[in-house]
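A.B. asks: Please work out how this folds:
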Amino acid sequence: MAKYRQVHTTFWDDGFVIDLTPEEKYFYLYLMTNNKTTQCGIYELPYRTIEMQTGFNRDTVIKLLKRFEEYGKIEYNEDTKEIFIINWAKYNFINSPKVRKCIEKELQEVKYKPFVKQYIIKSKEYGYRIDTISIDLGEEEEKEEEKEEEKEEEK
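C.D. replies: Coordinates of the predicted model:
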């Protein structure tokens, strides 16, 4: 799969982007085009990597990630160091069989399974279909956790 990301020229005219500070515009563009991005928009991105690639210090990185979470544009899981660009599928989904296979493979590798569930829901909202049969959505782990909780409650 080619490792390049296209940014539509209307990005700069988007109402959300227009209202961002220059620092935020740069950061948002970075999140969408850095070398860790994937076809599904969920990828591992440790703070240290962001610091080295953008030149921002740790406090600024954390501040910007939190700000974009508040804007509803991303979610970041600190445990797995994964980021989920929420509207990625809306602007970057390519409905070719090869790309869909690639996305399905990438979704299997996501560590934080709630991101996978959210991606599938968003994809359906946009009219895209993903084969979820072979993708582990973490349901087995949830069942095991529920059983453990029930045992603890019984005690």
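A.B. asks: what stretches of the chain score poorly on pLDDT?
C.D. replies: By pLDDT under 70, the low-scoring segments of the chain are 1-2, 130-147, 155.
A.B. asks: Helices of that one, start to end?
C.D. replies: Here the chain has its helices, by DSSP state H, at 15-18, 22-33, 47-54, 58-70, 88-92, 97-109, 113-125, 139-154.
A.B. asks: any chance of the ones you listed in TSV, plus mean neighbour count?
C.D. replies: C-beta coordinates here come from the backbone N, C-alpha and C atoms, glycine included. Below are those laid out as TSV (neighbours: other C-beta atoms under 10 Å):
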stretch	mean neighbour count
helix 15-18	10
helix 22-33	16
helix 47-54	15
helix 58-70	15
helix 88-92	19
helix 97-109	16
helix 113-125	17
helix 139-154	10
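A.B. asks: do you know which of those lies nearest Gln39?
C.D. replies: Taking C-beta to C-beta, helix 97-109 is the member of the helices of the chain nearest to Gln39, at 5.0 Å.
A.B. asks: so what does that closest one touch, helix or strand wise?
C.D. replies: On a contact count with 3 or more C-beta pairs under 8 Å, 6 or more residues apart in numbering; DSSP states H and E, helix 97-109 meets helix 113-125.
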